[in-house]
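Trainee: Below: sequence and its predicted model.
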Amino acid sequence: MSVLNLQVLVVDDYATMRRIIRNLLTQIGFSRIEEATDGADALTKLRAGTFGLVISDWNMEPMTGLQLLKEVRADVRLKDMPFIMVTAESKTENVVAAKQAGVNNYIVKPFNADTLKKKIEAVIGTIA
């Protein structure tokens, strides 16, 4: 199965950012894209669905991207889910905290389709 057939969950509390990431994913070739408005919404969708990749913002309320990542890693069914964190902050302690929590990759805003593609390929393999 092509990685482009994976269902991707885009998690961000800003509709504009979700739309930007969706558009970038579409440019790369992904077509199965779902959105969640925060970590709690994402967790519900992840537990109910069959996703192959999570792309989540860090700064959200009421559940942050880091909290979502920790919940995903603690869930037996979801623990191996490829997870990419998106943030406007490039602070070293954030990167370290995300790595310790088990993030697969990290993207600092702003970014383009090429950057997103490279980060995804580093996590799930070549996008044909």
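Mentor: Sure thing, it's come through. Not measured: the values here are computed from a predicted model. Residues are numbered from 1 along each chain as shown.
Trainee: and the helix or strand hosting residue 107, C-alpha only, in CSV?
Mentor: Taking DSSP states H and E as the criterion, residue 107 maps to strand 105-108. C-alpha atoms of strand 105-108 as CSV (Å, rounded to 0.1, in the frame of the first residue of the first chain):
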residue,chain,number,x,y,z
ASN,A,105,9.6,14.4,13.9
TYR,A,106,9.3,18.1,14.5
ILE,A,107,8.5,21.0,12.1
VAL,A,108,8.9,24.7,12.9
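Trainee: Which positions within it qualify as buried?
Mentor: Using 16 or more other Cβ atoms under 10 Å as the test for burial, strand 105-108 gives 105, 106, 107. For the C-beta atoms, the positions are set from N, CA and C on the backbone; glycine is no exception.
Trainee: swap in stretch 38-46?
Mentor: Neighbour counts over stretch 38-46 (16+ other Cβ under 10 Å) mark 38, 39, 40, 41, 42, 43, 45, 46 as buried.
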